[in-house]
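Student: Just to be clear, the model below is a prediction. Sequence and coordinates:
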Amino acid sequence: MNKGRRLIFLRDVLQLALTAFGGPHAHIALFLEVLIEKRKYLTEEELLELNALCQILPGPTSTQTITAIGFRLGGASLAYWTLLIWCIPAVCLMIILGLLMIYAEQYHISLEFTKYIAPLAVAFVAAAGLKIGHKVIKDTEGVLLMLLSAGLSLLAASPYLFPLILLAAGAFTSWRHHREQGEYERAPMQIHWGNFVLWIGVLIVAALLGYFTQSTVIRLFENFYRNGSLIFGGGQVLIPLLYTEFVEFKHYLSSQEFLTGYTMVQAIPGPVFSFCAYIGTLSLKEGGIIFAVVGGLTAAIGIFLPGTFLIFFVIRFWERLKHFAVVRASLKGIVAASTGFVAAAAIQLGTPIEWSLPFIATVLIGFALLMTNKVPAPIIVVLALIFGIFLG
């Protein structure tokens, strides 16, 4: 990719970082629209394969997917720029929100006007699920795998179940269809272990430094790096673990602060994992504004770094790995199962909401507007906030 094309790609990434609402599943639909259908950087099949790969790995799925796209187009340097441009706007917004929460707490300012954001998030995920399902589910087998993965993820609600479901679905379609794929000419596969070693090394060093120094900043980094290394299934899976650790166990945040931040992260574009910057900001609020900002940046680096190391490790030999028929056949099942997670995510987001007629109307109207593709997502979010102000 030449320099001009690289700059256009990074401009597209910035556009997505400023407009991609709705979480990782909605992000993939936008990636398809902007990066594939409009710009044709990759084929639709290549994007869905990369997304399926990132579903198997721990970490922020949409962030890893767009970083992998950058790597495919321009190598490691473009991938790093892609990662930074994609993450920085959302991280900055969540740090600012954390500082505003500190201010609101000091002056007893109500945030009731944000109440329509949570049901709107359900509409975002539901619309994304329908769009993606229409593209990737081609037969009865795919529908059954999608429904089964959605049901299992809802019943068992464990972050460690996600990769098992994906691997099981992939193994099933690999067993069923690998003979249909034929064989490509295989090239020798060389695995570079550098990023894998970095991932493990940083995890061990951060844990040891946190234990021996008892530094609040280092321990905060270790907390988020550990969570980022263990979370499968995206930001929705991360939420209950963060709540348990930072609200119930460490008491860094109140329940109201946590839930307000989680609601507001639905109203900003970019990765849902940026919510961690908000938690980091409030976790170190006792040290003043500078310390709170450091906490937000530390949490953001900690949560995004492990997934980055892992995708940089795997993407280097992914193309050669796909040459095996059993791997190519498995992608059909993995993509179908990951689509089922979208349906489950919409239900999970809606479960804690105390449903009323205005909330139901918000979901239905938001869903209808999103499916028409005529009203930009930021405008829909702003309208929800305005309704919250006037109907509050």
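Tutor: Sure thing, it's come through.
Student: is it true that P163 touches I56?
Tutor: Yes: assessed by C-beta atoms under 8 Å, P163 is found in contact with I56 at 5.6 Å. Glycine gets a C-beta too; all of them are placed from N, C-alpha and C.
Student: So which residues of the stretch 201-350 of the chain form helices?
Tutor: 216-230, 235-242, 255-265, 275-283, 289-321, 325-350 (DSSP state H, counting those that start in this stretch).
Student: among those, which is nearest L357?
Tutor: With C-beta to C-beta, the closest approach to L357 among the helices of the stretch 201-350 of the chain belongs to helix 325-350: 14.9 Å.
Student: now the helix or strand following the closest one, how far from the centre of its chain.
Tutor: Note on helix 325-350: by DSSP states H and E, the next helix or strand toward the C-terminus is helix 357-372. A distance of 23 Å separates the centroid of the chain from that of helix 357-372, by C-alpha atoms, centre = their mean, to the nearest Å.
Student: List the buried residues for the following helix or strand past helix 357-372?
Tutor: Elements were assigned by DSSP H and E; along the chain past helix 357-372, the next helix or strand is helix 377-391. Residues of helix 377-391 classed as buried: 377, 380-381, 383-385, 387-388 (neighbour count, 16 or more other C-beta atoms under 10 Å).
Student: I'd like these as TSV, with distance to G23 appended.
Tutor: Shown next, in TSV, are those (distance: C-beta to C-beta, whole Å):
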residue	distance to G23
A377	11
I380	14
V381	13
L383	19
A384	15
L385	18
F387	21
G388	20
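Student: gap between stretch 192-199 and the chain center?
Tutor: The answer for stretch 192-199 is 22 Å, by C-alpha atoms, centre = their mean.
Student: Kindly report the same for stretch 27-39.
Tutor: Remark: stretch 27-39 is offset 16 Å from the chain centroid, using C-alpha atoms, centre = their mean.
Student: same deal with stretch 4-19?
Tutor: 18 Å.
Student: Just the C-alphas of the host helix or strand of L120, formatted as PDB.
Tutor: Element membership for L120 (DSSP H and E) is helix 117-136. These are the backbone C-alpha positions of helix 117-136, laid out as PDB (Å, rounded to 0.1, in the frame of the first residue of the first chain):
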ATOM      1  CA  ILE A 117     -28.900   5.300  26.500                       C
ATOM      2  CA  ALA A 118     -29.100   1.700  27.900                       C
ATOM      3  CA  PRO A 119     -32.200   0.700  25.900                       C
ATOM      4  CA  LEU A 120     -30.700   2.400  22.800                       C
ATOM      5  CA  ALA A 121     -27.600   0.200  23.200                       C
ATOM      6  CA  VAL A 122     -29.900  -2.800  22.800                       C
ATOM      7  CA  ALA A 123     -31.200  -1.400  19.500                       C
ATOM      8  CA  PHE A 124     -27.600  -0.900  18.300                       C
ATOM      9  CA  VAL A 125     -26.600  -4.500  19.000                       C
ATOM     10  CA  ALA A 126     -29.900  -6.000  17.700                       C
ATOM     11  CA  ALA A 127     -29.500  -4.000  14.400                       C
ATOM     12  CA  ALA A 128     -25.900  -5.100  14.100                       C
ATOM     13  CA  GLY A 129     -26.800  -8.700  14.700                       C
ATOM     14  CA  LEU A 130     -29.500  -8.700  12.000                       C
ATOM     15  CA  LYS A 131     -27.100  -7.000   9.400                       C
ATOM     16  CA  ILE A 132     -24.200  -9.400  10.200                       C
ATOM     17  CA  GLY A 133     -26.500 -12.500  10.300                       C
ATOM     18  CA  HIS A 134     -27.900 -11.600   6.900                       C
ATOM     19  CA  LYS A 135     -24.400 -11.500   5.400                       C
ATOM     20  CA  VAL A 136     -22.800 -14.600   7.000                       C
END
